[in-house]
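>>> sequence first, then the predicted structure, then my questions.
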Amino acid sequence: MAAPLLSYEGLGLVQGSGWLFKGLDIHIGPRERLALIGRNGAGKSTLLRLLANRVDSDEGKRTIVPGTRVIMLEQEPSFAGCATLEDYCLSGDDAPQPHEVAAIADQMGIDLSRDAATASGGEKRRAALTRALASEPDILLLDEPTNHLDLAAIDWLEGWLGRFNGAFVAISHDRTFLTRLTRETLWLDRGKVRRKEIGFGGFEAW
């Protein structure tokens, strides 16, 4: 087994009056395709944010191979302060290269000159995907990536991820999407995580 690109050992996080997680050990290796499964409220999105280093844990050690680019697609990214969808894609210190953004946007069929304030949910989702995929990630953390997408866009995204040389972890209510793409499953349940070397297609039997 290849050494992990990203790992979190002894991960613990307090939320409200108690521990949301405690003693979690998670690792993501090269080219792994992971489904992150759990009930609503189990903390799946929070766990992705911890892996992305957007939230500080109360316990645990996060280790990452130097130079590894971890990119997170938020379920509801903020477009505040961005006049157009292109401004969003190119904002921030870690923004992708303009030519990469243009190439992905063209393939997704999204007009990035659209006013961000009046863009539809589908347009915003495509813009957020454009930014994430154009960022040349080594690890993609995807929170409901197919939300607001039509079937053609989902097919395109499945094709892109199928060719992707990096690793990804996906949370999704789209069972078909997870079944087609994932090879391993992380099951988050009552503050613990269990891992199985089967994709989402085998989860029910597990």
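Yes, it's here.
>>> just say helix, strand or coil for Lys61.
Classification of Lys61 by DSSP: H, G, I helix; E, B strand; the rest coil places it in strand.
>>> quick check: nearest residue in space to it, chain neighbours excluded?
Counting by Cβ to Cβ, 6 or more residues apart in numbering, Lys61 lies nearest to Glu9, which is 5.0 Å off, once chain neighbours are set aside. C-beta coordinates here come from the backbone N, C-alpha and C atoms, glycine included.
>>> so who does that neighbour touch?
Residues near Glu9 by Cβ atoms under 8 Å, 6 or more residues apart in numbering: Asp25, Gly60, Lys61, Thr63.
>>> so which strand or helix has the first one?
When secondary structure is defined using DSSP states H and E, the element that contains Asp25 is strand 18-28.
>>> can you list contacts of that strand?
Strand 18-28 is contacted by residues 4-14, 34, 43, 46-47, 51, 59-60, 139, 167, 169, 186, 191-193 when judged by Cβ under 8 Å, 6+ apart.
>>> wait, Thr179 touches Gly202, no?
No: using Cβ atoms under 8 Å, Thr179 makes no contact with Gly202, being 9.1 Å away.
>>> going along the chain, name the strands of the protein.
Assigned by DSSP state E, the strands in the chain fall at 6-15, 18-28, 33-37, 59-64, 70-73, 139-143, 167-171, 184-189, 192-196.
>>> those strands: which one's closest to Gly109?
Closest approach to Gly109 among the strands of the chain (Cβ to Cβ): strand 70-73, 18.2 Å.
>>> other residues contacting the closest one?
With Cβ under 8 Å, 6+ apart as the criterion, strand 70-73 contacts 6, 48-49, 51-54, 64, 128-129, 132, 135, 137-143, 145.
>>> buried subset of the residues you listed?
Buried subset of the contacts of strand 70-73 (neighbour count, 16 or more other Cβ atoms under 10 Å): 6, 48-49, 51-52, 64, 128-129, 132, 135, 137-143, 145.
>>> now Pro96, nearest residue through space, not along the chain?
Nearest residue to Pro96, sequence neighbours excluded (Cβ to Cβ, 6+ apart): Ala134, at 3.9 Å.
>>> quick one: contacts for the one you found?
Contacts of Ala134 (Cβ under 8 Å, 6+ apart): Cys89, Pro96, Gln97, Glu100, Val101, Ala103, Ile104.
>>> just the pLDDT at Arg54, thanks.
With respect to pLDDT, Arg54 scores 93.
>>> that's all I had, so thanks and see you.
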